[in-house]
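>>> Here is a sequence together with a model predicted from it:
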Amino acid sequence: MCNNKVPKFKQRVIFICEGQEDKGYIDKLISLNVWNSEIYDFKAVNAKSASRIVSKYDSIVSNESSSSVVLIFCDTDKPPHEEYLNIKKKLQNIYGGDSAFNRIVIFANPCTMRIVLAHFSEKAKLKTQSKSQNARLIEKLTNVNNYKAAKKQIRSICQKITKENYYQMKKELLNESNKSYDITGSTNFIKFLEHFESDDPSWINEINKGLNY
């Protein structure tokens, strides 16, 4: 019997991650299948440093025609947020103004670990991206001691992320979703999570229309 069912086209969403910690976290969320995998095909790429994010973004946009949208996942770091603002400036020069930048960049102040720890506690609001200063809290919540973002440590923390505490993380981040990037604890991640869970991919068209490709 011939199967004439036409395969459903998926929207390909690519994340350019600042480093291995960020990529490991996004990969874990993808594996949990908490996002709409019938509509979207998600992939995380490691830029290996904040300074390489824009060149990686430009390369993927220019050469990977299969991508529907390319997003950036990065830290704001400590004031005066030089690396974050440098990414913003470069992207504005290439692809447009604030509107375009704000639509493609997922930020966490001061760092991604702020989002990761929200899976485990409502009170894990980091004030710094310093791994040495955050190590005690990370150990308390994840049992990973002397955290230095080693691959083994990242894997160990990600193994503790579940569908159940994914929803705990979302609930906690709702309180920070409308705050500016330069406010400690702020993140716009929740806005993107709503997109990734939805069955309406029109947000992708809106992003791409706002970019000067």
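Arrived safely.
>>> which residues sit against the lowest-mean-pLDDT helix or strand in the chain?
One helix or strand of the chain scores below all others by mean pLDDT, DSSP states H and E: helix 98-104, with a mean of 77. Residues outside helix 98-104 that contact it (CB atoms under 8 Å, 6 or more residues apart in numbering): 69-72, 88, 91-92, 95, 188, 206-207, 210-212. No exception for glycine: its C-beta is placed from N, CA and C like everyone else's.
>>> now, the most widely separated pair of those residues?
Largest separation among the contacts of helix 98-104 by CB to CB: N188 and N212, giving 21.8 Å.
>>> Does the helix or strand encompassing S156 pack against any helices or strands, and if so which?
For S156, the host element (DSSP states H and E) is helix 151-159. Helix 151-159 sits against helix 20-32, helix 131-142, with contacts defined as 3 or more CB pairs under 8 Å, 6 or more residues apart in numbering; DSSP states H and E.
>>> which stretches of the protein have low pLDDT?
Across the chain, the ranges flagged by pLDDT under 70 are 1-8, 96-99, 212-213.
>>> 80 - rerun?
1-8, 64-66, 94-101, 175-178, 210-213 (pLDDT under 80).
>>> Please determine how far Q159 is located from D58.
As for Q159, its distance to D58 is 34 Å (criterion: CB to CB, to the nearest Å).
>>> neighbour count winner among those two?
In this view Q159 and D58 are compared by other CB atoms under 10 Å, and D58 has more residues nearby, 15 against 10.
>>> Excluding sequence neighbours, find me the nearest residue to the more buried one.
I94 (6.8 Å; CB to CB, 6 or more residues apart in numbering).
>>> picking up where we left off before, can you check which of the helices and strands packed on helix 151-159 gets nearest to S198?
Across those, closest to S198 is helix 20-32 (CB to CB), at 15.4 Å.
>>> ok, back up a step: what's the angle from the helix holding S156 to helix 20-32?
If you take axes from the mean of the first three to the mean of the last three CA atoms, to 10 degrees, helix 151-159 sits at 40 degrees to helix 20-32.
>>> Buried ones in helix 151-159, by neighbour count?
153-154, 157-158 (16 or more other CB atoms under 10 Å).
>>> Ok, stretch 54-71 next?
Neighbour-count burial for stretch 54-71 [16+ other CB under 10 Å]: 54, 56-57, 60-61, 67-71.
>>> now, which of the residues you listed lie within strands?
69-71 (DSSP state E).
>>> what's the closest of the residues you listed to K170?
L71 (17.7 Å).
>>> what residues does the host helix or strand of N205 touch?
For N205, the host element (DSSP H and E) is helix 202-209. Contact with helix 202-209 is made by 11, 13, 68-69, 100, 103-104, 195, as judged by CB under 8 Å, 6+ apart.
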